[in-house]
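*Asks:* only geometry, no sequence info:
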């Protein structure tokens, strides 16, 4: 005999779907809250820094060490957020720049280029604007190299050789609060994270086989950064002074970082590179 029940199933408690913003870990949420605050920052004329369409920007790590310089002519707000929330479409880009190592951002907006027409509308004016943008990026890049204790940063593509210019007014902003700095900034955490970043980047080189010279250069620079951080931690544990950063000669390891040996004038379009470095 077959038995059947006409009773209705009991209704369980309604579970409300959480918002996407509530899903990340606490430190990620705090970082993104700081990023939101930065994007509301305005200059003395009331212009939000991130509303600049043409801009050069730099990222700094927990030691104030410059680690990356880039440019955009689409809009700074979009570019910065794509970088710092891992929304870049290219997986390689996410392995070159570790978001968890970024503690500060600096921006140099080129407001005078704000109304530059697109290339398809006015090719000559667009080309002139790009020349100014390239010169600004290269000048910010040279400044970062000079400020770096290692005399090298993590750009896969070195900006095109340009005449050095005086940089426009900039704005530098700290993206991590005290709690995040105490957590992510702990040397042992940074050593482990940096080693993981190097392993992932090396895996990309191994799996793809054909990668840019710049990606292989970044792998060396990251390895030097890891070696120094590990040596500094050892010295601290043994009660010795911090080792000298110039104990490693970066130029002997990677050659010049002042221009791209294979493309010094930036004639290769960024879209042709393994990752979008701009």
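*Replies:* Nice, thanks for sending it over. Nothing here was measured: the structure is a model prediction, and the numbers come from that model.
*Asks:* Point out the other helices and strands that whichever helix or strand residue 30 is part of packs with.
*Replies:* Here residue 30 sits within helix 26-39, counting by DSSP states H and E. Contacts defined by 3 or more Cβ pairs under 8 Å, 6 or more residues apart in numbering; DSSP states H and E place helix 26-39 against helix 76-84, helix 178-184. From N, CA and C alone the C-beta is placed, and that goes for glycine too.
*Asks:* Okay, buried residues for that helix please.
*Replies:* Residues of helix 26-39 classed as buried under the neighbour-count rule (16 or more other Cβ atoms under 10 Å) are 30-32, 34-35, 38-39.
*Asks:* re the thing from before, include distance to residue 193 when you put the helices and strands packed on helix 26-39 into JSON lines, please.
*Replies:* Below are the helices and strands packed on helix 26-39 laid out as JSON lines (distance: least, Cβ to Cβ, whole Å):
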{"stretch": "helix 76-84", "distance to residue 193": "16"}
{"stretch": "helix 178-184", "distance to residue 193": "8"}
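*Asks:* now those helices as CSV including mean pLDDT?
*Replies:* Listed next are the helices and strands packed on helix 26-39 as CSV, based on pLDDT from 0 to 100:
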stretch, mean pLDDT
helix 76-84, 89
helix 178-184, 92
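*Asks:* related to what we said a few turns ago, now the helix holding residue 30: mean pLDDT?
*Replies:* For helix 26-39, the mean per-residue pLDDT is 93.
*Asks:* Between helix 76-84 and that helix, find me the angle.
*Replies:* Calculated by axes from the mean of the first three to the mean of the last three Cα atoms, to 10 degrees, helix 26-39 forms an angle of 160 degrees with helix 76-84.
*Asks:* Can you name the element that comes right after helix 26-39?
*Replies:* Downstream of helix 26-39, the first helix or strand assigned by DSSP H and E is strand 55-60.
*Asks:* for the helices and strands packed on helix 26-39, which one ends up most surrounded?
*Replies:* The highest average neighbour count among the helices and strands packed on helix 26-39, using mean count of other Cβ atoms under 10 Å, belongs to helix 76-84 at a mean of 19.
*Asks:* Any idea how many residues pack against residue 260?
*Replies:* For residue 260, the number of neighbouring residues by other Cβ atoms under 10 Å comes to 23.
*Asks:* for it, what are its contacts?
*Replies:* Counting by Cβ atoms under 8 Å, 6 or more residues apart in numbering, residue 260 touches 157-158, 160, 214, 266.
*Asks:* Now do it against residue 38, distance only.
*Replies:* Applying Cβ to Cβ, to the nearest Å, the value for residue 260 to residue 38 is 30 Å.
*Asks:* Many thanks, have a good one.
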